[in-house]
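Trainee: Build the 3D model from these lines:
(2 chains)
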Amino acid sequence: MILAFLLTASLLTQIPSATDSAIRQAVKDQVAAIKTSVAKRAFVGPISAKSEASITITNLGNLTRTAVVAGDATIKLAGGKEGTFADLKVGNFVIAMGDVDSQGTLAVKRLLVIAKPTPDKRVVISGRVTDTSAASFTLETAKKETWTVKFTSNTSFAGKIKKTDIKAGDRIVAVGNPAATANTLTAKLIVQLSTSPTASPVTPVI
Amino acid sequence: MKKEVILAISIGFALGLIITFGIWTANQSLKNLPQPSPKASVAPSPTPNNQLANNQLTINIPDDEALVSTDTVTLSGTTTPKATLLVVSENGEQTTVADASGAFSLDVDLITGFNTITVYSYSTDGQEASKSLTITYSTAKI
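Mentor: Predicted coordinates for the structure are as follows:
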């Protein structure tokens, strides 16, 4: 009998630890989930649809986002004028700020209608240098396109290199603005990449 | 000793054993319960475009579409070891090199409003990956 009681007592002391650990883990998970699911977010892009109390925004990644605009949300129209939900139109370019829930829906706290931004003209091009001259490099990209990268006194070179350090065969990446001539870039920044004899460069363009 | 006393002790001992066995079984069952996975309750990311198919570049922070109240954001992530990274932001271009484990981190200045930040990673063997984020900087109380 005593033995049975001792065994029972011993096992009873173990049960709360297992249960507590599971509860603690569950609470931790819930807190993490809440932290993840409720976060400050800003959806940027044109309004692609509007319903009674919400708008759909097509963001810069071309994904649709839903934003609920409650009556207490601050709405600023272009020029800084206060606005209401009724003032929002499909096609307006907006920044909607607020808290996003676990479904990805934004509860808008502040919404700005802004002018449609001009696209970034900068181009990023990478490839292997096939020729160099006093004012430019010729690059061949992975797609076998030939680009002329012009440099000026405003062109900077990443690291401690100079333009004369770049030779034919080097792999570089250049950022700059496109020139009037096709496949020509006036470089703002040139980066000499680490090279490999077998490397096959690829070309991103933004 | 009376027969009834012996019987009572035997029944008590048997009951004690049964209860002990029951508790032991319950305890084992609790231990064997599957632990809840943290991922099971985490909401799906609202930024599916952040996941690169080739898995060469991952931005850990900040999240895409993050709203921040400071004019600088620390951008960190992982890519291939010793890869050269080019970060093109509203304020200009920056470069850095990932460490031997592929980790990188750098501060990016933001302009007021929304900022498009594109990160390019160029590995030493010629592979490339890129990823874009939209980060909004606002000092307004949200």
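Trainee: burial of residue 68, as a residue count?
Mentor: Looking at chain A here, since you left the chain open. Neighbours of residue A:68 under the rule other C-beta atoms under 10 Å in any protein chain shown: 17. In this view, the C-beta of every residue, glycine as well, is placed from N, C-alpha and C.
Trainee: not what I meant, chain B
Mentor: For residue B:68, the neighbour count with other C-beta under 10 Å is 17.
Trainee: all helices for the chain, in order.
Mentor: Reading this off chain A. Applying DSSP state H to chain A gives helices spanning A:2-37.
Trainee: that's the wrong chain, I meant chain B
Mentor: For chain B, the helices defined by DSSP H cover B:3-31, B:38-41.
Trainee: Ok, which of the ones you listed comes nearest chain A?
Mentor: Of all those, helix B:3-31 sits nearest to chain A, with 2.7 Å by C-beta to the nearest C-beta.
Trainee: Quickly check: that closest one near chain A or not.
Mentor: Yes: under the criterion of C-beta under 8 Å from any C-beta of the partner chain, chain A is reached by helix B:3-31 at B:9, B:12-13, B:15-17, B:19-20, B:23-24, B:26-27, B:30-31.
Trainee: Most neighbours of all those residues, which one?
Mentor: residue B:20 (20 neighbours).
Trainee: Lowest average pLDDT across the helices of chain B?
Mentor: Within those, the stretch with the lowest mean pLDDT is helix B:38-41, showing a mean of 32.
Trainee: Please name the residues that touch residue B:121.
Mentor: B:56, B:57, B:79, B:80, B:83, B:84, B:85, B:98, B:128, B:129, B:130 (C-beta atoms under 8 Å, 6 or more residues apart in numbering or on different chains).
Trainee: which residues sit in contact with the second one?
Mentor: This means residue B:57. Residues counted as contacts of residue B:57 (C-beta under 8 Å, 6+ apart) are B:77, B:78, B:79, B:119, B:121, B:129, B:130, B:131.
Trainee: Now do the contacts for residue A:79.
Mentor: By C-beta under 8 Å, 6+ apart, the contact set of residue A:79 is empty.
Trainee: beta partners for the closest residue to residue A:116 other than its chain neighbours?
Mentor: Nearest non-adjacent residue to residue A:116, counting by C-beta to C-beta, 6 or more residues apart in numbering or on different chains: residue A:93, 4.5 Å away. Per DSSP bridges, the residues bridged to residue A:93 are residue A:46, residue A:114.
Trainee: Give me the pLDDT value at residue A:93.
Mentor: The model's pLDDT for residue A:93 equals 98.
Trainee: Any idea how many residues pack against it?
Mentor: Around residue A:93 there are 16 residues (other C-beta under 10 Å).
Trainee: Who is residue B:85 paired with across the strands?
Mentor: Residue B:85 has the following beta-bridge partners by DSSP bridges: residue B:96, residue B:121.
Trainee: Hmm, residue A:161 and residue A:189 touching each other?
Mentor: No: using C-beta atoms under 8 Å, residue A:189 is not in contact with residue A:161, being 11.7 Å away.
Trainee: More neighbours: those two, which one.
Mentor: Taking other C-beta under 10 Å, residue A:189 and residue A:161 do not tie; residue A:189 has more neighbours (22 against 14).
Trainee: Now do the same contact list for the more buried one.
Mentor: With contact set as C-beta under 8 Å, 6+ apart, residue A:189 has these partners: A:155, A:156, A:157, A:158, A:174, A:175, A:176, B:93, B:95.
Trainee: need the contact list for the first one.
Mentor: Meaning residue A:155. Residues near residue A:155 by C-beta under 8 Å, 6+ apart: A:163, A:176, A:186, A:187, A:188, A:189, A:190.
Trainee: Now it, what are its backbone angles?
Mentor: Main-chain dihedrals, residue A:155, degrees, to the nearest 10: phi -80, psi 130.
Trainee: do residue A:84 as well
Mentor: Residue torsions, per degrees, to the nearest 10, at residue A:84 are phi -130, psi 170.
Trainee: And the contacts of stretch A:140-154?
Mentor: Contact with stretch A:140-154 is made by A:125-128, A:130, A:135-139, A:163, A:172, A:174, A:176, A:179, A:181, A:183-188, A:190, A:200-203, as judged by C-beta under 8 Å, 6+ apart.
Trainee: And those residues, which of them are buried?
Mentor: Buried by 16 or more other C-beta atoms under 10 Å in any protein chain shown: A:125-128, A:136-139, A:172, A:174, A:176, A:183, A:185-188, A:190, A:201-203, out of these.
Trainee: Take these and keep only those in strands.
Mentor: When DSSP state E defines the strands, the subset of these inside them is A:125-128, A:136-139, A:172, A:174, A:176, A:185-188, A:190.
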